[in-house]
Each structure stands twice: as C-alpha cells, then as structure tokens.
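S.K.: With the sequence up front, the predicted model follows.
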Amino acid sequence: MTTARSLSILTNTPCVVAIAFLLCNSNLIFGAHAEISEHGSSIENDLNFDENNKIESHYIVFPANRPDCPTYNWDPGSHFTAMALEGDALSKVFPHYRTGESYLGRDEENELDEGEEDDRCLAACLEKGTDISVAGHTMPHYHYYGTNDDASLSENKSDFESWFFESCKKVEVCFINYAVKERTLPVYWIHPNGSRRKQLDLEYSERKTRCFFSFVGHSFEVEDEESGFLERVKIEHVTTIAFGTSPPSSSQRFDGREELLDNVKVALAHEWHKHKGVPRTFSSLGFAKGRLPDDVFANMAAFYYNNRHNVVNEEWEGKGLFVNWWETDVKFVAIPWSLKKLWQLRLMELVSDWAGVEVEETSMYGLRQYETGARLLSHVDRKPTHAVSLIVNIAQDNLANPWPVEVFDHADRLHEVDMEAGDIVYYESAKNLHSRNRPLTCKRGGCRFINLFTHYRPVHDGSKWFSNLDDMSNRPPPLLDGQSAFDTDASSCKLLDDGRNGTVDNLLGIGTVQCEDQRLGSYISPTMFKLKEEGDLYRWWLATEDANFIGFDQNGEAMYKEQNGEVVQKKLLYDHKEKKIDESYVEDMRKLKQEFQNVEHACSDLNENCALWASWESNECERNSGYMSHNCPASCGHCKRGSITGDEL
C-alpha cells in the first residue's frame, strides 16, 4: 500500500517566491499574444503522435473562430501546444459546445437554464501519452467553462489563465527512495537560476512514498552526499518515480517445493471456507464484464504510459503467497493520491449501478504490472471492506496467449473472462473466488499486463454489510447449485470453434462456450470445471501450473495440448484425488488447518475499521504505529509469511 501525504510546493514559503519569479520574469506560463498557427479538424490527423500512437505532447484545445474568448491568439508557452478545433475534432472534444450543457453532463454548476443562449468560452487539456484510440476524450476536471455574461475580456482572460495554471500546468508528483536505506534522502527543488532549495526528506521504501504538487517544467534533484548518489528529474506530467533500485519481490523464500505446496494447501483451504461465509449477493452470477468510459480510460492509460519506465518491484514481504513472487517479480506503479481519489469516485458510480446499491469507496490498489510466468492464487478479498469491486485492465503488451481472470460464480462454476485494455470486470470480491492460475505467457521479448483494483461496500451498512439481507429481494436472485442443467450435465454447454481454439498462439484453449442455459452468460470456462469440494481448488492450481492445460477428462486426469496439437494426459504430482484416500494426507491437512487457524488468530484485526484506516492518505499504520500494529496487524501488513491478509489481486 502506498502511503503519502499531499504536500504542495506552494505551501513552502521559499517556493512561493520561486513561483512568483517564474510568473513575473519568464514566459514559462503565459506567453505574449502570438498568432495561433495551428488549427485542427481531426484529432487523429492533426495532433502529433509518437511511434506508439500516443499524443506526443500536452495540448490545450478550444473552439476555433472565437475572438471574444481569452483563448484567441493565446500562447501557452513552453511544454504545451495550443490548437483551435473545428469540425469533427471540435465535436469529439466538446460535444456540449453551445448546447448549454456540461461535458458529459457531469457538472451541473456549469449548465445553463433551458432556452438560455450558450455563448461560453471552452477549453480542455489533452494529456501527453493518451492513446490515439481515445485521444480527444478527457476527464471533466480538465475542462474549462467561461462565464456566459458580460464580463470583460480581461476578466475572462484572468479566469482562464488561473484555470490553465491550476488544472493543466499543476501536476501531482510522487517520489520513492530506494537509494539510501540507512538515512533519509534529501529532495531539492531547482530554481530557474540554478540554485536549489530543500523540498523534503524521503524515507526508504514504497510505504514511505511522498506525493506533492509541482508544475510541468519544474526540476528536482536528490542527493546523498555520503554515498555520492545524485539524480535530477524534470517534471513533464503526473509522475511517480523511484530513486535507486527496488529490492526484488522474492526477498523471502520457501525452503523447498514441499513447503510451498503445504502453504498453498493451507491458503486455499482457508479461502474456500471464507467464500462460503458471505450470504449476501448483488447479482445472479457474482460478476460481469464491462468497459471503462473513454475519458477515464484515456486518463488511466496515459498515466501508465508516461510512467511505464518508472515501475518498481512490488514489496511482498508478509503479504502471503497469492502472487507467485518466488518465481517472478511483480512490478508496481504507485498512483498519486489526488488522482486515485478522482478514479475511485468515478468508478464508484459504475459499481453502484451494477450492484444496485449506493456504495462507498474503501480501497484502490495498483497499478500492478505482471510479467512472464505470473500466477494468482484463488482467493476472496477482505470481508469488512471489499463487497463489490472492479478489476481494470489498463494496458497489455506482447501476450502469447489470453490471460483470463477466473471467477467462480455463486454455484462455484468456473468462468474465464478474457480482458483487453480498457475492459473492466465487476465482481463480488469477498464472496466469489477469483484468480489467474494459468501462467502469463509471452511472445519473444517478454510481455506486460497492467491492472488496477478498486473496492467498495454499501454505504449504509458499514463493515457488516454482508449480514444485511433486506435488499436481496430487489436484486437478481443468485443462480445457485442445481438450478442450471450444467450442474448435472456439463454437455449442456459446448465449446464453439471461433477460429482461435486450434492455433499455436492460443494453447490455453480459451474460446466461446455456448450453453443451453443462457443465464450462465458468455464466459463459462471451456474446461467446464466446477468446484465440488475444498481440494478442487488445490487440484486446479496444480493442473494450471502447465500453461498448456485444457481441462480434465472423464476420469479426472489432467489434459494438455502440445504445440503440435496433440492432446496428452499428465499425472499431477501430489494429486489431491489420490491423496484423499491417504490417511496420512488427511492428518497432514488437519494439522495444517490448525496451524493456519493459529496464525490467523495471531494476525487478525481487532477493529472492524482497520482496513479503512490503513487505506487513508494519513498513513495511520505509521503515524499511530503503536495502536495499529497491535490492533490492525493484518491491514498494516505485519502478518508473518503464510498468513492471509486478503490483499487486492
């Protein structure tokens, strides 16, 4: 979990002087009135894009032919390009132009009365790094509305320039120290005259991340005189950057495969029982697939693209084994706090609509970057805070095969949902087991799969939301075990040949399954797998360790498709089916469960609000470490290895 405290350089007295110097003595922010040379009628053709089809620089865009507006003959100075829009480009960026409405209808304060003539001046920031497919779609906070009255042009210009300075030039920045562990790392702001002024001291690790506001074009320097470490950065966009080299995610190790297998067995046994303990449901299956609004996707994807070279290794010490950190490092890009809040609130509307209840945000985690060989163990999330959630795929690159999210529905039928960048999956995260047990497979050169996770709960029910069953009669009834023909006859669902299932690039066999019972939706796993008992989770984990797994045969043997198309059987090592009749195995499992219960008891939160407190920007785990370490060890990540904390995956 990233912990940070917002800190604007404008609150630092020497920095106020510095900003005043920039405004009064340079053309950094507002240039002289120069003839605007750039007009655009097509976003795709008239903006500059880089080799990856991302917007190459920041743009300030506005309707063309408006000499009554402060944008006319206006120069934004360095780091931004001004463009007057017309035609299709104008319609895409400003669909509300001269309608009296606000952008996407999301700002009632900036909407006019019906019948009132709309003569407002408009402008918008288009972010560097935005993909060409969503270029022109921008979040509402990047939109400017001028007044619709008789204010003077000079008054409007002052208002517009203040907006530009605060909404476009001003950006959030997060710094992480991995350079010096023994002492703090000083951070200095570089004055235009070359002198530097102390901004803050960075403590070591991602948990000590510091976020603050700066401005596009500003520079910072970090220096540790004792070690000689020195680095300078120039702010070009919303930024998260680490200084030094982050330690590997695999800083902890298992003594051998036996220990690993035992830990996995215990973890899966616990998750099985946890998912049975939530009676409240919000949907018939427990999940659904959707799509991000274009403006939200544009903002999220641009943030990742602009910071894609700033990833660090995610810290997994004491967080359990749900991500296979012992086999592959897991990467991470911390989201600045203010940006995270904007995303949380916007996505909250989508989740509320899907769940059918008003919800409140409890946690957002990411961005997490998975790479070659990554796997996620089946699990459910934190019961007090994670009622309904979203998985958001921000970006993916160079995958050899689909990497579906696995969701077990309310009858433990397996669904596998393939996701493209910009896709979202709603899910009841404290109730429905979810995972990505199939390894992430890549084409030559490696690959990346970047996800965001955000969690909510009903606003009026608090941490006991799962026990309020009063509104279930207003929700779609869950499709329970025995209510579908699939539950007794898997042949009622058939795998269709959609042209992908036999290709070398799709060894996993993910395809379209068509079921007689349409209530099962479009994502029933082509393996037709269904959990019947606790040990089936472990059996699934073992079988999917080989990326070529395509399902079980009628005798329960694992089947795999080789590159030549041949289907072969392989006997699973430590196969649960065989071990089930072994009395020593039964006794081992009993001991392991008891051991886990002891660990869980020792690592339980003692207050129902712990998870919420731990997610606060004020970093309660550190600020009130005495209370939090004793009363909230799970939420603060103090559990020893092998314990379950329910971190977002």
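M.R.: Nice, I can see it.

S.K.: and the spatially most central residue of the chain, helix, strand or coil?
M.R.: Nearest to the centroid of the C-alpha atoms of the chain, with distances taken as Cα atoms, centre = their mean, sits residue 452, at 1.2 Å. Three-state call for residue 452 (DSSP: H, G, I helix; E, B strand; the rest coil): strand.

S.K.: That one and residue 364 touch, don't they?
M.R.: Yes. Residue 452 lies in contact with residue 364 (Cβ atoms under 8 Å); the separation is 7.2 Å. Heads up, the C-betas are built off the backbone N, CA and C, glycines and all.

S.K.: anything in contact with each of those two?
M.R.: A shared contact of residue 452 and residue 364, defined by Cβ atoms under 8 Å, 6 or more residues apart in numbering, is any residue touching both; here these are 335, 343.

S.K.: Give me the distance between residue 613 and residue 632.
M.R.: Taking Cβ to Cβ, to the nearest Å as the criterion, residue 613 is separated from residue 632 by 7 Å.

S.K.: Compare the two and say which is more crowded by neighbours.
M.R.: Comparing residue 613 with residue 632 by neighbour count (other Cβ atoms under 10 Å), the higher total belongs to residue 632, at 24 against 21.

S.K.: what sits against the more buried one?
M.R.: With contact taken as Cβ under 8 Å, 6+ apart, residue 632 is in contact with 605-607, 610-611, 613-614, 621.

S.K.: Any of the residues you listed buried? List them.
M.R.: By the neighbour-count criterion of 16 or more other Cβ atoms under 10 Å, the contacts of residue 632 include these buried positions: 605, 610-611, 613-614, 621.

S.K.: Do a quick rundown of the strands in the stretch 501-649 of the chain.
M.R.: 512-515, 549-552, 558-561, 567-570 (DSSP state E, counting those that start in this stretch).

S.K.: How far off centre is the last one?
M.R.: Averaging C-alpha coordinates over strand 567-570 and over its chain gives two centres that are 37 Å apart (Cα atoms, centre = their mean, to the nearest Å).

S.K.: and what of the third one?
M.R.: The chain centroid and the centroid of strand 558-561 are separated by 33 Å under Cα atoms, centre = their mean.

S.K.: Which of the buried ones among the contacts of residue 632 sits closest to residue 224?
M.R.: When the buried ones among the contacts of residue 632 are compared for distance to residue 224, the smallest value, 26.0 Å, is given by residue 621; criterion: Cβ to Cβ.

S.K.: how much space between the closest one and residue 541?
M.R.: Using Cβ to Cβ, residue 621 is found at 31 Å from residue 541.

S.K.: Strands of the stretch 351-500 of the chain, start to end?
M.R.: All strands of the stretch 351-500 of the chain, identified by DSSP E, counting those that start in this stretch, fall at 359-370, 376-379, 388-397, 405-408, 414-417, 423-427, 434-436, 448-458, 493-496.

S.K.: mind listing what the first one pairs with, with the direction of each?
M.R.: Partners of strand 359-370 in the sheet, by DSSP bridges, are strand 331-332 (antiparallel), strand 448-458 (antiparallel).

S.K.: so which of those strands gets nearest residue 355?
M.R.: Checked against Cβ to Cβ, the stretch from those lying closest is strand 448-458, at 7.8 Å.

S.K.: Buried residues, that closest one. List them.
M.R.: Neighbour-count burial for strand 448-458, with 16+ other Cβ under 10 Å as criterion, is recorded at 448-458.

S.K.: Helices of the stretch 201-350 of the chain, start to end?
M.R.: Assigned by DSSP state H, counting those that start in this stretch, the helices in the stretch 201-350 of the chain fall at 257-275, 294-306, 337-355.

S.K.: Adding distance to residue 106, mean pLDDT and mean neighbour count, write the ones you listed out as a markdown table.
M.R.: Below are the helices of the stretch 201-350 of the chain laid out as a markdown table (distance: least, Cβ to Cβ, whole Å; pLDDT from 0 to 100; neighbours: other Cβ atoms under 10 Å):
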| stretch | distance to residue 106 | mean pLDDT | mean neighbour count |
| --- | --- | --- | --- |
| helix 257-275 | 36 | 90 | 19 |
| helix 294-306 | 9 | 98 | 23 |
| helix 337-355 | 9 | 96 | 18 |
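
S.K.: will you turn these into TSV that also has distance to residue 314?
M.R.: As requested, the helices of the stretch 201-350 of the chain are arranged in TSV below (distance: least, Cβ to Cβ, whole Å):
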stretch	distance to residue 314
helix 257-275	18
helix 294-306	15
helix 337-355	16
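
S.K.: coming back round to it: looking at the buried ones among the contacts of residue 632, which are in helices?
M.R.: Of the positions in these, 610-611, 613-614, 621 sit in helices, assigned by DSSP state H.

S.K.: now the residues you listed in JSON lines, with distance to residue 343?
M.R.: Converted to JSON lines, those look like this (distance: Cβ to Cβ, whole Å):
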{"residue": "610", "distance to residue 343": "23"}
{"residue": "611", "distance to residue 343": "19"}
{"residue": "613", "distance to residue 343": "21"}
{"residue": "614", "distance to residue 343": "19"}
{"residue": "621", "distance to residue 343": "22"}
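
S.K.: and of these, the nearest to residue 50?
M.R.: Here the nearest of these to residue 50, counting by Cβ to Cβ, is residue 614; it sits at 38.8 Å.

S.K.: Tell me if I'm right that that closest one and residue 629 touch.
M.R.: No. Under the criterion of Cβ under 8 Å, residue 614 makes no contact with residue 629, lying 11.1 Å away.

S.K.: which neighbours do the two share?
M.R.: For the pair residue 614 and residue 629, residues contacting each of them under the criterion Cβ under 8 Å, 6+ apart are 621, 636.

S.K.: quick one: which of the strands of the stretch 351-500 of the chain is nearest residue 547?
M.R.: Judged by Cβ to Cβ, the one of the strands of the stretch 351-500 of the chain that comes nearest to residue 547 is strand 434-436, at 11.7 Å.

S.K.: Sheet-wise, list the partners of the closest one with their directions.
M.R.: Applying DSSP bridges to the sheet, strand 434-436 is found paired with strand 376-379 (antiparallel), strand 405-408 (antiparallel).

S.K.: per the record, what domains does this protein have?
M.R.: The chain breaks down by automatic domain parsing into domains covering 31-150, 257-631.

S.K.: any chance of these in CSV, with distance to residue 182 too?
M.R.: Converted to CSV, the domains of the chain look like this (distance: least, Cβ to Cβ, whole Å):
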stretch, distance to residue 182
domain 31-150, 36
domain 257-631, 18
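
S.K.: Would you single out the least confident of the ones you listed?
M.R.: Taking each of the domains of the chain in turn, the one with the lowest mean pLDDT is domain 257-631, at a mean of 86.

S.K.: chain center to that one: distance?
M.R.: The chain centroid and the centroid of domain 257-631 are separated by 14 Å under Cα atoms, centre = their mean.

S.K.: okay, how far is it across that domain, tip to tip?
M.R.: Distance between the two ends of domain 257-631: 34 Å, counting by Cα to Cα, to the nearest Å.

S.K.: And stretch 48-61, by the same measure?
M.R.: With Cα to Cα, one end of stretch 48-61 sits 13 Å from the other.

S.K.: Give me the contacts around it.
M.R.: In this structure, residues lying in contact with stretch 48-61 by Cβ under 8 Å, 6+ apart are 40, 47, 71, 76, 79-85, 89, 93, 123-133, 135, 164, 168, 216, 237, 302, 305.

S.K.: Mark which of the residues you listed are part of strands, please.
M.R.: Secondary structure assignment by DSSP state E places 40, 80-85, 123-126 of these in strands.
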